[in-house]
Every structure is written in structure tokens, then in C-alpha cells.
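Q: need a structure here:
(4 chains)
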2 protein chains.
Amino acid sequence: MKSIAVLPTICCGPRTEPLTVPERDELAARFKALADPTRVAIINCLSAADEVCVCNLTETFELSQPTISHHLKILREAGLVESSRRGTWAYYRLVPEAVAALRGALGS
Amino acid sequence: MKSIAVLPTICCGPRTEPLTVPERDELAARFKALADPTRVAIINCLSAADEVCVCNLTETFELSQPTISHHLKILREAGLVESSRRGTWAYYRLVPEAVAALRGALGS
DNA sequence: TCCTTTCATCGATGTCTGTCGATGTAGATA
DNA sequence: TATCTACATCGACAGACATCGATGAAAGGA
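A: Predicted coordinates for the structure are as follows:
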């Protein structure tokens, strides 16, 4: 459950400063987390509820359980979602600040 | 030089509607265009000027000319940039509405 | 016409990614 | 202990991607 660092500079606004190599690498890595239809749908699904159980996601999408778990890991490592276990179940939530940071990178 | 259709729904805001399959495919395709450090840097470069010549881009980045042309094609097909030729040179511009549409997909 | 320059496209190659079956792990129940 | 369930991880494989050299296309100059 690491915290999300808001990106200091902006990518796509008018007359913005040049990005450093680490900055553009980090931005690309976060956009890559959203560069898959299944992960976009997961984010969209999480944005409609406080928490979603993994079992609900595997029911919703016609994909195997390992595949869903794989996509959740990518979203987790990008800082876009976070999870917590209660008993046998794992619940995932959106990290609104991370989404806001990406939105901020796209301009004002 | 196709026009940019602003996406009708929103991906990541609180309590948003579920995305259809074509909607999430299109969103993922546009995020994928930004899922590479070189393309993020190109977008950042274009956002700092009205127009940029391809020859300037090949000088700026330490990549071959075919590679730059390849990335520009991906950005063009995603609708994020557009180009025009004057004489022997090709000039690329940002499409601000496309960037704004992506920003809108990330929430309010 | 011939040559040069600028950019796009083609073909090949090494690497990365999405997917799934098999397996591992931890909690709940008996 | 044994067993079942929910989820994560591993290993493998097919398809996609980034990169480059070679080539093609179009414009300008001699």
C-alpha cells in the first residue's frame, strides 16, 4: 500500500517545460497500466463502488482467475488501485489521487 | 487528418456508468499511444510549440529516423497529433481536443 | 536528367505482454 | 489433522511491440 507521488510537471499542456527522462518514463509506465481494455474496465468497475471483491471481477469478465489477478497486480504496482484482505476474500479499491495525478499530467 | 470524437462516457470518476466493450477498447487504444516514453516525450515536445519539424525530433531523440516516424504514425492514428507537408518537410502539431478528451475520461 | 534531401514504408529481429493451466498459500470449517 | 475455498504466483506459449537497416516516394536544385 505505497503512497502516490503526484507528478511535479505536466506533459501535454501548452508551453510546458521539457520532461526529464525519469519523468517521461514514469508517465509512460502509468499510461501503460491503462493501455489494456480489461484494465480500463476494471478501473471503470472500481470507480462505481467503494470496494469490489476479486470474485466479482472474475464473474464479470470472461477471463480466467489468474488473468484477472495478473491485471490487478499491474494496476496495483502502478498505484492506481489498492487492496485489503478480509478473511478469505480480497477487496480492491480505486486510488483517486493517482487517477487525478494522471489527469493532471494531461494538462490543466 | 480524421476528426476526434470526444468520448461520450467517463472511465474513472465516482459512480460512473459501465463502459461498453467498444468504449473500453477505444479508451485503451488511446492510452496505449501514450504508453511509451518516446511518445510521451514527443507529445511534450509538441506541446511546447505550435509546430515541430520531423527533422527536429530526430535530432532531439537519439533514435533512428524510421523509429521516430513509427512513433509519429502511432500518435497520428490515435488522433493525438496531425501533420502537414510544406515542401520537403513535414510538420507535426498537437490536437488539443484529443488530449482534452483523454483527460475527460479520467474524471471530472 | 541526375543527384540530394526529407520523410514514409518494408522486413527482420529481439523483447515484452496477455492468456491460461498448474501449483502454492492462507483462512475457514469440521 | 484434513479439506475446501479464494486468491496469488509460476511456467509456457502465441501474438504484439520497439528498434533498426534497406528501400521507396516526392520535392528541389544543378
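Q: only C-alpha atoms from now on, for both contacts and neighbour counts.
A: Noted.
Q: how about the strands in chain A?
A: Applying DSSP state E to chain A gives strands spanning A:52-53, A:81-86, A:89-94.
Q: so which of those strands is nearest B:Leu57?
A: Evaluated with Cα to Cα, the strands of chain A place strand A:81-86 nearest to B:Leu57, the distance being 35.4 Å.
Q: residues contacting the closest one, please?
A: In this structure, residues lying in contact with strand A:81-86 by Cα atoms under 8 Å, 6 or more residues apart in numbering or on different chains are A:Met1, A:Leu72, A:Leu75, A:Arg76, A:Ala90, A:Tyr91, A:Tyr92, A:Arg93, A:Leu94, A:Val95.
Q: quick one, which of those are buried?
A: Listed as buried from the contacts of strand A:81-86 are A:Leu72, A:Leu75, A:Arg76, A:Tyr91, A:Tyr92, A:Arg93, A:Leu94, A:Val95; burial here means 16 or more other Cα atoms under 10 Å in any protein chain shown.
Q: what about the fifth one, distance to chain B?
A: This means A:Tyr92. Counting by Cα to the nearest Cα, to the nearest Å, the gap from A:Tyr92 to chain B is 14 Å.
Q: ok, and the closest non-adjacent residue to that residue?
A: Excluding its sequence neighbours, the residue lying closest to A:Tyr92 (Cα to Cα, 6 or more residues apart in numbering or on different chains) is A:Ser83, at 4.3 Å.
Q: and for A:Ala29?
A: Distances taken as Cα to Cα, 6+ apart place B:Ala35 nearest to A:Ala29, at 6.3 Å, with adjacent residues excluded.
Q: need the pLDDT of the residue nearest to A:Cys53 when sequence neighbours are not counted.
A: Excluding its sequence neighbours, the residue lying closest to A:Cys53 (Cα to Cα, 6+ apart) is A:Tyr91, at 4.4 Å. Residue-level confidence at A:Tyr91 comes out at 98, pLDDT.
Q: contact partners for A:Tyr91?
A: A:Glu51, A:Val52, A:Cys53, A:Val54, A:Ser83, A:Ser84, A:Arg85.
Q: just the pLDDT at the fifth one, thanks.
A: At A:Ser83 the predicted local confidence, pLDDT, stands at 97.
Q: pull the number of nearby residues for it.
A: Using other Cα atoms under 10 Å in any protein chain shown, A:Ser83 is surrounded by 17 other residues.
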